[in-house]
Every structure is written in structure tokens, then in C-alpha cells.
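**Student:** When you get a sec, could you give me coordinates for this:
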Amino acid sequence: MQLATDYPVLNLFWTMLMFFLWILWFFLLFKIILDIFRDDDLSGWGKAGWLIFVILLPFLGVFVYLIARGKSMGQRDMQQMQEQQSAMDSYIRKTAGSAGGSTTEELARLAELKQQGHISEEEFLKAKAKILA
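**Tutor:** Numbering: from 1, shown residues only. Presented below is the predicted three-dimensional model:
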């Protein structure tokens, strides 16, 4: 009960706000440091300069970086997301095409050859096991 009288609700709210702003600050700082290394347009000296600026003067460095390069930072994020999405789509198309389409087509072709009498039951089972393996 003594904690409630020594620590009013407003102080609790203020403490929680400061804690979440502190977490937000570190998230923003790490995002900017990652963006500095990810940017292909910056030279090595440019990356080193921005990194030193952000580490030595963190508040000023982060705000100047956001003002100077914030728009291109968003564009790089969008470009990376699009590249990841296209890579995932390509992988899904390749996997679905090789696993479902061609195997099914080969089994249908084998069944047709068996029905027409071009291959025996034994040959059909061997070829089917080979395709499914």
C-alpha cells in the first residue's frame, strides 16, 4: 500500500512513457545504422562518416540522417521488400511447377501408355515408383 502513495498514477504513466520512448529510440538508432550499411549509393567513406556522426552525436546524427536521407531510406525499404517478394514468388512458382505439374503429367502419360498397352503392368509400377521417388 505504501508503494501506491509514494508512486502516484501519473508518475507510473510518465515512467512507462519514458521506457517506451527509450525502446523506440534504440529501434530507430539500429534501423538507421542498418540502413547506412545497406545503402549501395554511399561510398565507404560516406558510410564511415555517417556512422561516426550517428555514434558520437546520436540524437543530432539520427535526426540529421532522417532529414537528409529519410526519403531514400523508405525507398530502399520498399525495394528490399519487393525483391524479397519476387524471390518468394519465383521460388513458389519453381517449386509448385516442378513438384505438382510435371509429376502429375508424367503419371498421367504412364497411365495412358499402360491403357494403350504399350507398357506392361510391371513396367508401369517400376516407372511410377521412379517418378514418385
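**Student:** so where's the chain shaky on pLDDT?
**Tutor:** By pLDDT under 70, the low-scoring segments of the chain are 1-7, 97-101.
**Student:** What segments of it are helices?
**Tutor:** Taking DSSP state H as the criterion, the chain carries its helices at 2-6, 9-38, 44-56, 58-96, 102-116, 121-132.
**Student:** Hey, what's the angle from the third one to helix 58-96? Just curious.
**Tutor:** In this structure, helix 44-56 runs at an angle of 120 degrees to helix 58-96, with axes from the mean of the first three to the mean of the last three C-alpha atoms, to 10 degrees as the basis.
**Student:** what residues are up against residue 103?
**Tutor:** With contact set as C-beta atoms under 8 Å, 6 or more residues apart in numbering, residue 103 has these partners: 131-132. Every C-beta, even on glycine, is put in place using the N, C-alpha and C of the backbone.
**Student:** if I look at the nearest residue in space to residue 39 that is not next to it in sequence, how far off is residue 19?
**Tutor:** Take residue 39 and drop its neighbours on the chain: the residue closest to it by C-beta to C-beta, 6 or more residues apart in numbering is residue 76, 6.5 Å away. According to C-beta to C-beta, to the nearest Å, residue 76 and residue 19 sit 30 Å apart.
**Student:** what are the phi and psi values for residue 117?
**Tutor:** Main-chain torsions, residue 117, degrees, to the nearest 10: phi 90, psi 10.
**Student:** ok, residue 11 to residue 17 distance?
**Tutor:** 11 Å.
**Student:** What is the neighbour count of the residue nearest to residue 39?
**Tutor:** Taking other C-beta atoms under 10 Å as the neighbour definition, residue 76 ends up with a count of 16.
**Student:** That one contacts residue 35, correct?
**Tutor:** Yes. Distance between residue 76 and residue 35: 6.6 Å, which falls inside the contact criterion (C-beta atoms under 8 Å).
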